[in-house]
Each structure stands twice: as structure tokens, then as C-alpha cells.
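*Asks:* Have a look at this prediction, sequence included:
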Amino acid sequence: GAGVSQSPRYKVAKRGQDVALRCDPISGHVSLFWYQQALGQGPEFLTYFQNEAQLDKSGLPSDRFFAERPEGSVSTLKIQRTQQEDSAVYLCASSLAGSGTEAFFGQGTRLTVV
Amino acid sequence: KQEVTQIPAALSVPEGENLVLNCSFTDSAIYNLQWFRQDPGKGLTSLLLIQSSQREQTSGRLNASLDKSSGRSTLYIAASQPGDSATYLCAVHYTGANSKLTFGKGITLSVRP
């Protein structure tokens, strides 16, 4: 596609509900990243894939967060048993390769947990 | 700890003014630095990418500089316009950081007509 696409754009979840956020990276981009952005803050790294391999998940805040990219293209970020502190914008980015290449971001998914 | 700082958090200028947005980082061992623009409720738009071997990059009215030794980057915006109003984020790719970007909190710019 022309850019990084994320869906849904907005998600309201009741506390305790599971959610799944989808990211379609730019075609041919090897690297894919998930970031979490709280209101008024810069994005914080969650996890990184190179093709289908999850090379870094050090930013995932708890074991309720899980990400996958099974075929090296589309990625899904899953949050189980959502809590109010999970409310944030979740941004996906992709880049052609790894170090030194430009990162392109999607529009984000705004998650509100009520 | 590898951090990125952007001060001030907000800036308001009259239309037509040339302005400089500052970014500082704590470790000179970087691959590159990237400046982004974020409009309210939107994702991040990449403005400029400066590799560690470069001193500056230019795109239209934007010019970004990089000084690794002092841990600083600046984004220069010439002849500012109301349409430039947005939040500007600086992000650093530190070496050994497995390709992830470390972001500052951003500077919210308002250009008054």
C-alpha cells in the first residue's frame, strides 16, 4: 500500500475486555515497530519485528501485551484484560530495513478503556 | 540512560517568523536522528532524517542540523505559516538499540496569523 495502515482508528473497550489492533506496513518493508503514546507524551517503544521474527519486546509493559507478525507482513498487537492505564494511542511504524533507514508511521489506534 | 529532551514544550510565534526548535540527546553513539510532525489526532509524518555522518538535511523551508559531539539537533523553519502549527517530535536511533527510536516529548508550535 501507499502508507502504513492501522485499524481500527478508534476503539473503546470495557475494562477486562481483550482487544486486537492491526497494522499493515508498507509493502516490502522488513522492519515493523509498535509504539505507545500517552496524551502529551512522545511515543514509547513496545516491540520490534524483522520479517516474522520478534527481535525485541523489551518495551511491552506486561504479559497482557502480545504482538505477532506470522507471515512477515501484517502485525497484530493484542492486549488482554484491558485496564484503564492501557488507554493511549498505539502507533505502528515500518522501515525498509533496520538501522539507518527512515521509519514511516501509521495514523494510530486510539484505545480508550472505560 | 539514553534520553531525548525537547525544550520548551510549547512555542507561539507570529506568522512569517523564522524559528528554531531544539532537541538534545544524551549519548553521541547514534545511527541517525529523525524529525517528525504530528497534527492533533493524527499519526507521525516524517520530515527529515539525518544520518550520523551528516551535519544537516534540507527540505523546502525546513533545515535540520546535527551536532553529535554536543548531543544537539535543531530544526529550522523559515518564514513560518499558520499551517506549520503542529507538534514537532525529535527521535534518535541509538546504536545498540535494535532499530528502535527514542522520542522526545515534542514541541507544540502555534503560528499566529
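*Replies:* Thanks, I have it.

*Asks:* For A:Arg110, see how far away the single nearest residue of chain B relative to chain A is.
*Replies:* Chain A sits closest to B:Phe103 of chain B, with a gap of 3.3 Å, by CB to the nearest CB. (C-beta placed from N, C-alpha, C; glycine too.) Separation of B:Phe103 from A:Arg110 (CB to CB, to the nearest Å): 18 Å.

*Asks:* Backbone dihedrals for the residue of chain B closest to chain A, please?
*Replies:* Per-residue torsions, B:Phe103: phi -100, psi 150 (degrees, to the nearest 10).

*Asks:* who in chain A is up against chain B?
*Replies:* Residues of chain A found near chain B (CB under 8 Å from any CB of the partner chain) are A:4, A:6, A:31, A:33, A:35, A:40-45, A:48, A:50, A:55-56, A:59, A:91, A:93, A:95, A:98-100, A:102-108, A:110.

*Asks:* in chain A, which spans are strands?
*Replies:* Listed in chain order, the strands of chain A (DSSP state E) span residues A:5-7, A:10-13, A:19-24, A:31-37, A:44-50, A:53-56, A:65-68, A:75-79, A:88-95, A:104-105, A:109-113.

*Asks:* related to what we said a few turns ago, so if I had to pick from B:Phe103 and A:Arg110, which one is more boxed in?
*Replies:* Of the pair B:Phe103 and A:Arg110, B:Phe103 is the one with more neighbours under other CB atoms under 10 Å in any protein chain shown, namely 24 against 17.

*Asks:* so the more buried one makes contact with A:Pro43?
*Replies:* Yes - judged on CB atoms under 8 Å, B:Phe103 makes contact with A:Pro43 at a distance of 5.1 Å.

*Asks:* Low-confidence bits of chain A, can you list those?
*Replies:* For chain A, the stretches flagged by pLDDT under 70 are A:1, A:98-99.

*Asks:* residue of it with the smallest distance to chain B?
*Replies:* Proximity to chain B, evaluated over chain A using CB to the nearest CB, is greatest for A:Gly42 at 3.3 Å.

*Asks:* residues contacting that residue?
*Replies:* Neighbouring residues of A:Gly42 by CB atoms under 8 Å, 6 or more residues apart in numbering or on different chains: B:Val4, B:Leu89, B:Ala91, B:Phe103, B:Gly104, B:Lys105, B:Gly106.

*Asks:* Tell me which two in the residues you listed are the farthest apart.
*Replies:* By the measure CB to CB, B:Ala91 and B:Lys105 form the most distant pair in these, at 11.3 Å.

*Asks:* That concludes my questions; thank you for your assistance.
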